[in-house]
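Asker: Sequence and predicted structure below; questions after.
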Amino acid sequence: MRRFLALVVLLSVGLFFAWMVCRPSHPAQALSRKEPGSVVTRTGAELPQSAQALPTAAKANRATTGRLSSQRILKYGSAQGEIGMIHETGQPLVGPEAFAVGKDGSILVADVVNKRVLIYSSIGSYLRAIDLPGIALGDVAADAQGRLYIYDQVRHALHQYDAQGTPQSALDLKAADIDTRGFFHVAGNSVYFADAAARDVLVATVQDGVLVAPDKSTERTSDGVHGDSGRIYSMSVDKGQALRLQVRDPAAQSIARSMEFPLPGIVSARYAGEDQAKRFYVQTERLAGTSIVLEVLAFSPSGEQLAATRMPENDYAIWTSKLVDVGADGTIVQFLPEQDQAKLNLFAN
């Protein structure tokens with residue numbers, strides 16, 4: 001009996017030491033394993049696609065994250081659905097510099113090289129192209145009626161087309177109104193150019209369905225960017241510390257709402273869009289070690305932070321008028337032109 005008990009004790013001790021050797025030496029080792037469905041950025045950092053993929057400590061300090069719902073690879077070339085890109089030794093790349101999400105969720109890409117606008121569905125499937133011979137494509141936007149607005153960056157002219165690509169009207173713009181790199185967008189019956197300082201400049205209005213110059217008595221420049229609801233969003237950055245937001249609703253003549261959100265490492269912030277529920281989205285870039293982290297923060301209409309969605313790293317191979325846009329249903333779209341191909345990344349909240 002004593003021999004049997006001794007054998008049991010020795011066996012138990014052996015199993016205990018075997019478990020000690022084989023188990024992870026630190027709980028972090030278990031967390032470092034790749035989560036199912038996660039996206040790996042170029043730096044090797046993992047991109048969680050749901051709140052469940054975040055460590056417990058991170059959940060306590062951050063809102064839930066959006067998830068990558070679809071990704072499309074867009075080839076470079078001149079064939080159907082391909083985007084033009086010019087590679088010349090010693091010269092900057094020449095390729096797509098602008099995109100926009102239509103009110104119906106369709107994705108518009110300005111194909112500068114092939115002089116056309118490519119139209120993709122809300123899930124990134126190629127639909128059709130609108131040829132624009134003779135126009136130096138600088139930017140593209142769409143309104144709630146599906147009309148397209150194309151900016152000719154050489155002639156400083158804004159062209160309007162219907163959803164099928166039939167010309168509707170055109171308007172010469174003042175070059176002084178567009179003296180910095182920014183993006184065009186449509187809010188209601190107004191067409192704005194958001195300059196590099198994140199201020200909207202009213203460049204045109206739509207009356208009886210066609211483009212006309214703004215009324216001279218109308219205030220031309222706004223301290224912020226207009227959403228589809230008419231609200232104006234302005235922001236500033238306390239570098240490395242916090243994001244400051246201000247929301248104004250001129251139609252309601254309400255007092256501007258100011259908010260501040262601690263965001264260590266933040267270096268830039270930009271209005272990204274507003275959905276049909278009046279949730280608004282802000283694109284931020286922040287330093288994390290030696291990497292730049294690109295995120296889109298989602299806020300409720302009252303300014304409560306709802307989500308933080310991390311974007312795959314941008315290699316900035318070519319300048320684009322914006323990095324992300326937001327659909328009416330809150331889908332975040334990232335158009336990412338790279339050296340050898342482009343990507344459409346769609347994130348659902």
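Answerer: Sure thing, it's come through. Numbers count the residues shown, from 1 in each chain.

Asker: mind checking how far Gly124 is from Phe261?
Answerer: 31 Å (C-beta to C-beta, to the nearest Å). Bear in mind the C-beta positions are built from the backbone N, C-alpha and C, glycine included.

Asker: Also Gly81?
Answerer: From Gly81 across to Phe261, the span is 40 Å (C-beta to C-beta).

Asker: what's the answer for His156, then?
Answerer: Going from His156 to Phe261 by C-beta to C-beta gives 38 Å.

Asker: what do you get for Ser234?
Answerer: The gap separating Ser234 from Phe261 is 15 Å, by C-beta to C-beta.

Asker: In three-state terms, label Asp325 for me.
Answerer: The local conformation at Asp325, judged by DSSP: H, G, I helix; E, B strand; the rest coil, is strand.

Asker: Which residue, other than its chain neighbours, is closest to it?
Answerer: Of all residues beyond its chain neighbours, the one nearest Asp325 is Val101 (4.4 Å), with distances taken as C-beta to C-beta, 6 or more residues apart in numbering.

Asker: again, but for Arg181
Answerer: Of all residues not flanking Arg181 in the chain, Ala196 sits nearest, at 5.8 Å (C-beta to C-beta, 6+ apart).

Asker: tell me which element the one you found falls in.
Answerer: For Ala196, there is no host helix or strand (DSSP states H and E).

Asker: The one 10 residues further on now?
Answerer: With elements delineated by DSSP H and E, Val206 resides in strand 200-207, which encompasses its position.

Asker: what does the average pLDDT come to for stretch 71-89?
Answerer: Mean per-residue pLDDT for stretch 71-89: 95.

Asker: got the end-to-end distance for it?
Answerer: In stretch 71-89, first residue to last residue: 30 Å (C-alpha to C-alpha, to the nearest Å).

Asker: Show residues contacting it.
Answerer: Contacts with stretch 71-89, where a contact means C-beta atoms under 8 Å, 6 or more residues apart in numbering, come from 93-96, 109, 111-114, 118, 120, 124-126, 129, 337, 340-346.

Asker: cool, stretch 232-242 as well?
Answerer: Here stretch 232-242 makes contact (C-beta under 8 Å, 6+ apart) with 198, 200, 222-227, 243-250, 260-271, 274, 280, 282, 287.

Asker: and it, C-alpha only, in PDB?
Answerer: What follows is stretch 232-242, C-alpha atoms only, in PDB (Å, rounded to 0.1, in the frame of the first residue of the first chain):
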ATOM      1  CA  ILE A 232     -20.800  72.000 -39.100                       C
ATOM      2  CA  TYR A 233     -18.000  70.000 -37.600                       C
ATOM      3  CA  SER A 234     -14.700  71.700 -36.600                       C
ATOM      4  CA  MET A 235     -11.800  70.200 -34.700                       C
ATOM      5  CA  SER A 236      -8.300  70.800 -33.400                       C
ATOM      6  CA  VAL A 237      -5.500  68.700 -31.900                       C
ATOM      7  CA  ASP A 238      -3.600  69.200 -28.700                       C
ATOM      8  CA  LYS A 239      -0.600  67.400 -30.200                       C
ATOM      9  CA  GLY A 240       0.100  64.200 -28.600                       C
ATOM     10  CA  GLN A 241      -2.600  64.700 -26.000                       C
ATOM     11  CA  ALA A 242      -6.200  65.200 -27.000                       C
END
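
Asker: Can you point out the buried residues in that stretch?
Answerer: Of all the residues in stretch 232-242, those buried under the rule 16 or more other C-beta atoms under 10 Å are Ile232, Tyr233, Ser234, Met235, Val237.

Asker: can you give me the offset of that stretch from its chain's centre?
Answerer: Distance of stretch 232-242 from the chain centroid (C-alpha atoms, centre = their mean, to the nearest Å) equals 17 Å.

Asker: That one - what's its average pLDDT?
Answerer: The average of the pLDDT scores along stretch 232-242 is 95.

Asker: What pairs with the helix or strand hosting Ile73, parallel or antiparallel?
Answerer: Per DSSP H and E: Ile73 is located in strand 67-74. Next to strand 67-74 in the sheet, as set by DSSP bridges, lie strand 342-348 (antiparallel).

Asker: what does the partner strand rub up against?
Answerer: If you take C-beta under 8 Å, 6+ apart as the criterion, strand 342-348 is touched by 66-74, 76, 83, 95-96, 107, 120, 122-124, 296, 309, 311-312, 330-336.

Asker: Make a ChimeraX selection of the buried ones in the residues you listed.
Answerer: Of the contacts of strand 342-348, the buried ones can be selected in ChimeraX as follows, counting by 16+ other C-beta under 10 Å:
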select :66,67,68,70,72,74,76,83,95,96,107,120,122,124,296,309,311,312,330,331,332,333,334,335,336
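
Asker: Leaving out sequence neighbours, find the closest residue to Gly209.
Answerer: Using C-beta to C-beta, 6+ apart and skipping the chain neighbours, the partner closest in space to Gly209 is Gln168 (7.1 Å).

Asker: if I read this right, Val212 contacts Ala204, doesn't it?
Answerer: Yes. Counting by C-beta atoms under 8 Å, Val212 does reach Ala204; the two are 6.9 Å apart.

Asker: Between those two, point out the one with more neighbours.
Answerer: Counted by other C-beta atoms under 10 Å, Val212 and Ala204 do not tie: Ala204 has more neighbours, with 23 against 13.
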